[in-house]
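Enquirer: sequence and predicted model, in that order:
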Amino acid sequence: MTLSLLIVQLLNGLQFGILLFLVAAGLTLVFGVMDFINLAHGVQYMLGAYLAVTFVSLTGSFLLGLVLALAAALLLGLALEFLVFRHLYERDHLDQVLATFGLILLLNQAVKMIWGAAPLSVPVPEFLSGNVRLMDGILYPTYRFALIAAGLGVGALLWFVVEKTRTGMLLRAGASNAPMVSALGVDIRKLFMIVFAFGTMLAGFAGAMAAPILSVEPGMGDTVLILAFVVIVVGGIGSIRGAFVGALIVGLVDTLGRSSMNDLLRLFMAPASARATGAALSSMLIYLVMAAVLFVRPEGLLPAKGRS
Amino acid sequence: MTTFRFGLALGCGALALSIASAQAQEPIKIGVVSVLTGPAASLGQQVRDGFQLAVDKNGGKLGGVPVKITVIDDELKPDVAVERVRSFVESEKPAFVVGPVFSNILGAIAKPVLDSGAFLISPNAGPSTMAGKACNKNFFVTSYQNDQVHEVLGKYAQDQNYKRAYIIAPNYQAGKDSLAGFKRYFKGEIVDEVYAPLNAMDFSADLAKIASSKPDVVFAFLPGGLGVNFVKQWSQAGLQGKIPFLSAFTVDESTLPAQQDAAVGLYGGMTWAPNMDNPQTKDFVKAYEAAYKIVPGSYAQQSYDAAMLIDSAVKAAGGAGNPDKLREAIKKADFTSLRGKFKFNTNGYPIQDFYLVKVAKRADGKFQTEIAQKVFSDYADPHAKDCGLK
C-alpha cells in the first residue's frame, strides 16, 4: 500500500468513525445517565434518515430539510418518551430490551407502510457535491469532509454541555448516582426526558447526515445499532469522550482491516485462501478489539467518572 | 303425492345441475410465494404485482378459467416459508405455486410443493442444483439460471478486451458463485477480488483502492441496499464515467429510484429491459406504471411471463385437471413472452438471449435500464446435461 492510499484510508476510517460517534453519543448518554438499554436507538437513526428524505424533497434545500428533520426527530423523541420509555425506567434491563425490541419491529414496519420498502435516497447538497483532489489523482468527496466537520462540531458541543454547564453537571451526577441527585431536589424525570429527547435527536442527526451517502431503507438502523454498542463498550459506557475514542478506533480498525487484510495475508498465504480468510477476519476485527478491551479494561477505555 | 315426487325429482335435478356448473366454474388455485417483509420486499412486491397484473388483464382468469390467488409472504426466512407453504399446499391443494424471489427459499419450498403434485414455477430464483441433478418434471423457471447473468458481464468484459478487472461481491455463497461466473468468461488479470460483509454500508475503503489501482473495468454484484450504497459512493468519489462499471443485480428498477443520477451510464446484464422493442412490453410497462406508480423491473416481468405461461398451458390443456396434459403444454411455452423469444430446455429452464443493459434517465425524469447490446444468443445453461429429464 502506498503512502497516499494509506492517508486516504485513514481519512475514510476517521470519517466512518465520526459517523459511528454521532450514533453512539446519544446511545451512551441514555445508557450512561439513565441506565436504560435502548435497542430502539437504531430505528431512531433510521427515522432521522427518512425524515431527511421527506423534508429535503419538500423544501428542496438540504439545510432547511435537515433542520426540520431534527425538529421532527426531537418531537418524536418526546412522544416516544411520553408513550413508552417513561414507563420503563423503573423496570429491569430485560423488560427494557423486550419493549425496545418491540419498538424496532413496530417502527421498521411503520416506515415500510409510510415510505415503502424500496430504498430511498437524499441527494448530496449542491454546495458540497464536489470533490477535493488529494495527491495521486485520488478524489475525496467534499461531503465526507463536511461529515467529519459536523461530527467534530457535535463532539465539541457535547463536551461543552457536559463539562461546562449546569445541565451537564447534573448529567454527570445522574450518571454516577441518580437516587442521590433526586434526593437533592433535582427533577430527575425532567432530566431524563431531556436526555432521552436529545439522544433521539442525535440519532436522527446521524441518520440525516448519513442519508446522502447511504441507502435509506427499512432495517438500516439495525446494523448501526450493533456497531454503536461495540463503540460504547470499547469506549466506556456513559462517557462521551469514551464514545468518541471508541468510535474512532472502531472506524479505523474496520476500514484499515478491510483495505489491507488481504494484502497482509497474501504475504504468507496463497491468494485464494488469503481472500477467504481476509474477508472473514476483517469483518471479525472490531469484535476482536472489543473482546481485547473487555479483557484488559472491562469498564472500557475512558469510563465515565464514578462508574465502574 | 305424485306432485311431491315430481317436485323432489325436479329439486334433485336442479341441485345436480348447480353442482355441475359449479364444477365448471371451480377456480384454479394458485399460490404466489414472495418476500414482502424486510429490505428485499421491494423485489417481492414486483413479483406479486407482475403476476396480479397479468391476471387482471385477463379479467381474473387464466386460460379462460377463473383463478383464486393466495399470496404467501416468505419473509426471506426458509423456516417461515416452508411452514406457510406446506400448510397452504396441504389445505388448498393448488394446481400451481409461483415463487419465490430467492434461491435459498426455493430450496426450502421445492419439496413440499412438488410432493403435493402442484407445478412449481419460479419467476426469479434459478439455482444450479435444480437445473442439474435435482431437476424435476414439474419445476419450471421463467427467469434464467443464476450463473448466466454474471456470465453476461464476464463475456462482455472479455469481448471488450479489458485486461485488468476489480471484482467485488458480498461474502456469501451467491457472491462467490457470482464472481466465479464472471471469471468463467473473463480471462484477463483480476486486480483484486473482494468479498464485502453482507451488511456493508461504507465502501469508501474499497473505492479508494479502486481509484489507486486503476483497473480497466469494475464488476460488482451488490444487490439491494448494498448496491445503492456502493453506486452513490462510486459517483461521489468521482469514479462515474471514468472506469467502466459492469454489474449484476446492482443497478435495476428496484434500486434506481434511490440511486438516480449516480447510476446513469452504469451497466448490468439481463434478459429484458423496460424499453425492449415489442408491443407486449410497451403495453406491460404502461399498465404496470399506471397501476403501481413505479417502473417495472425484471422481477415483475418474469412473474408476468409466469402468469402468461400458465394462461397458455391451461388453455391448451382445457383446464388444470390433467397434470400430464398440463405439463406437455407448459413445455411448449406457447405464450407471448415480454422478452419476445422464449423456450424451455429439457430441465425446465429457459433458452434465451441475454443483453448488456445500461441505466438511462427517461424524458419524464424516471430511471430505467435499457438494452445496450446482445451478449448471448439462445443461451442454455450448462447444467441441463446433468438433468435426467428428456
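Expert: Yes, it's here.

Enquirer: show me what contacts B:P127?
Expert: B:P127 makes contact with B:103, B:106-107, B:145-146 under the criterion CB atoms under 8 Å, 6 or more residues apart in numbering or on different chains. Placement of C-beta: from N, CA and C, glycine included.

Enquirer: try B:Q52
Expert: B:I69.

Enquirer: before we move on, which element is it in?
Expert: Assigned by DSSP states H and E, B:Q52 belongs to helix B:41-57.

Enquirer: and that helix, what's its mean pLDDT?
Expert: Summarised as a single mean, pLDDT over helix B:41-57 is 94.

Enquirer: helix, strand or coil: sort out the one residue sitting closest to the centre of chain B for me.
Expert: For chain B, the residue nearest the mean C-alpha position is B:N124 (2.4 Å; CA atoms, centre = their mean). The three-state assignment at B:N124 reads coil, by DSSP: H, G, I helix; E, B strand; the rest coil.

Enquirer: can you list the weak-confidence ranges in chain A?
Expert: A:1, A:135-137, A:305-308 (pLDDT under 70).

Enquirer: now the helices for it?
Expert: A:3-34, A:41-59, A:62-83, A:93-115, A:142-164, A:166-183, A:188-210, A:220-235, A:240-266, A:271-296 (DSSP state H).

Enquirer: make CSV out of those helices and add mean neighbour count and distance to B:D386.
Expert: Converted to CSV, the helices of chain A look like this (neighbours: other CB atoms under 10 Å in any protein chain shown; distance: least, CB to CB, whole Å):
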stretch, mean neighbour count, distance to B:D386
helix A:3-34, 24, 45
helix A:41-59, 24, 45
helix A:62-83, 18, 55
helix A:93-115, 15, 41
helix A:142-164, 16, 49
helix A:166-183, 16, 65
helix A:188-210, 24, 46
helix A:220-235, 24, 39
helix A:240-266, 23, 34
helix A:271-296, 16, 25
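
Enquirer: JSON lines please, covering the ones you listed and showing distance to chain B.
Expert: Converted to JSON lines, these look like this (distance: least, CB to the nearest CB, whole Å):
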{"stretch": "helix A:3-34", "distance to chain B": "4"}
{"stretch": "helix A:41-59", "distance to chain B": "10"}
{"stretch": "helix A:62-83", "distance to chain B": "14"}
{"stretch": "helix A:93-115", "distance to chain B": "7"}
{"stretch": "helix A:142-164", "distance to chain B": "6"}
{"stretch": "helix A:166-183", "distance to chain B": "30"}
{"stretch": "helix A:188-210", "distance to chain B": "8"}
{"stretch": "helix A:220-235", "distance to chain B": "4"}
{"stretch": "helix A:240-266", "distance to chain B": "4"}
{"stretch": "helix A:271-296", "distance to chain B": "4"}
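
Enquirer: next, format those helices as CSV and append distance to B:A316.
Expert: What follows is the helices of chain A, written out as CSV (distance: least, CB to CB, whole Å):
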stretch, distance to B:A316
helix A:3-34, 58
helix A:41-59, 48
helix A:62-83, 56
helix A:93-115, 40
helix A:142-164, 58
helix A:166-183, 75
helix A:188-210, 54
helix A:220-235, 47
helix A:240-266, 55
helix A:271-296, 50
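
Enquirer: so which of the ones you listed is nearest B:K61?
Expert: Shortest distance between B:K61 and those, using CB to CB, is found for helix A:93-115: 31.4 Å.

Enquirer: what does that closest one contact?
Expert: Taking CB under 8 Å, 6+ apart as the rule, helix A:93-115 contacts A:36-40, A:42-43, A:46-47, A:50, A:53-54, A:80, A:84, A:88, A:91, A:218-219, A:221-222, B:41.

Enquirer: which residue, other than its chain neighbours, is closest to the closest residue to chain B within the stretch 151-300 of chain A?
Expert: Nearest residue of the stretch 151-300 of chain A to chain B (CB to the nearest CB) works out as A:S215 at 3.4 Å. Closest residue to A:S215 apart from its sequence neighbours, by CB to CB, 6 or more residues apart in numbering or on different chains: B:V228 at 3.4 Å.

Enquirer: what strand or helix carries the one you found?
Expert: Counting by DSSP H and E, B:V228 is part of helix B:225-236.

Enquirer: by contact count, what packs against that helix?
Expert: If contacts are counted by 3 or more CB pairs under 8 Å, 6 or more residues apart in numbering or on different chains; DSSP states H and E, helix B:225-236 sits against helix B:204-213, helix B:256-259.

Enquirer: circling back: residues of the helix holding B:Q52 that come out buried?
Expert: Residues B:41-55 are the ones in helix B:41-57 that count as buried (16 or more other CB atoms under 10 Å in any protein chain shown).

Enquirer: now residue 223, nearest residue through space, not along the chain?
Expert: Using chain A. B:N199 is the one closest to A:T223 (CB to CB, 6+ apart), at 4.4 Å.

Enquirer: nope, chain B please
Expert: Per CB to CB, 6+ apart, closest to B:P223 is B:F249, 4.4 Å.

Enquirer: phi, psi of B:I294?
Expert: phi -130, psi 160 (degrees, to the nearest 10).

Enquirer: and B:A290, that one's in a strand?
Expert: No - applying three-state DSSP, one finds B:A290 to be helix, outside a strand.

Enquirer: how much space separates it from A:L120?
Expert: Per CB to CB, to the nearest Å, B:A290 is found 22 Å from A:L120.

Enquirer: that older thread, highest average neighbour count across the helices and strands packed on helix B:225-236?
Expert: helix B:256-259 (a mean of 25; mean count of other CB atoms under 10 Å in any protein chain shown).

Enquirer: show residues contacting that helix.
Expert: Residues contacting helix B:256-259 (CB under 8 Å, 6+ apart): A:118-121, A:215-217, B:227-228, B:231-232, B:251, B:263, B:294-295, B:359, B:367-369.

Enquirer: what's the end-to-end length of stretch B:238-251?
Expert: 18 Å (CA to CA, to the nearest Å).

Enquirer: chain center to it: distance?
Expert: 23 Å (CA atoms, centre = their mean, to the nearest Å).

Enquirer: likewise for stretch B:293-302?
Expert: With CA atoms, centre = their mean as the basis, stretch B:293-302 stands 10 Å off its chain's centre.

Enquirer: neighbouring contacts of that stretch?
Expert: A:118, B:43, B:46-47, B:49-50, B:53, B:101, B:123-124, B:142-143, B:252-254, B:256-257, B:270-272, B:274, B:284-285, B:288-289, B:338-339, B:366-369.

Enquirer: only whichever of the residues you listed are buried, select them in ChimeraX.
Expert: Buried residues within the contacts of stretch B:293-302, by 16+ other CB under 10 Å, are selected in ChimeraX with:
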select /A:118 /B:43,46,47,49,50,53,101,123,124,142,143,252,253,254,256,257,270,271,272,274,284,285,288,338,339,366,367,368,369
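
Enquirer: and the gap between the closest residue in space to A:L78 that isn't next to it in sequence and A:G26?
Expert: The spatially closest residue to A:L78, leaving aside those adjacent along the chain, is A:A197, at 4.9 Å (CB to CB, 6+ apart). According to CB to CB, A:A197 stands 10 Å off from A:G26.

Enquirer: ok, back up a step: how near is the residue nearest to B:P223 to chain A?
Expert: 13 Å (CB to the nearest CB, to the nearest Å).

Enquirer: just for the stretch 201-350 of chain B, where's the confidence low?
Expert: Ranges of the stretch 201-350 of chain B meeting pLDDT under 70: none found.

Enquirer: all helices of it, in order?
Expert: B:204-213, B:225-236, B:256-259, B:279-292, B:298-317, B:323-332 (DSSP state H, counting those that start in this stretch).

Enquirer: quick check: B:T369 is in a strand.
Expert: Yes - counting by three-state DSSP, B:T369 falls inside a strand.

Enquirer: and it, what is it in contact with?
Expert: B:251-253, B:256, B:268, B:270, B:273-274, B:297, B:357-360.

Enquirer: I'd say B:K209 and A:L5 touch.
Expert: Yes - with contact defined as CB atoms under 8 Å, B:K209 counts as touching A:L5 (7.1 Å).
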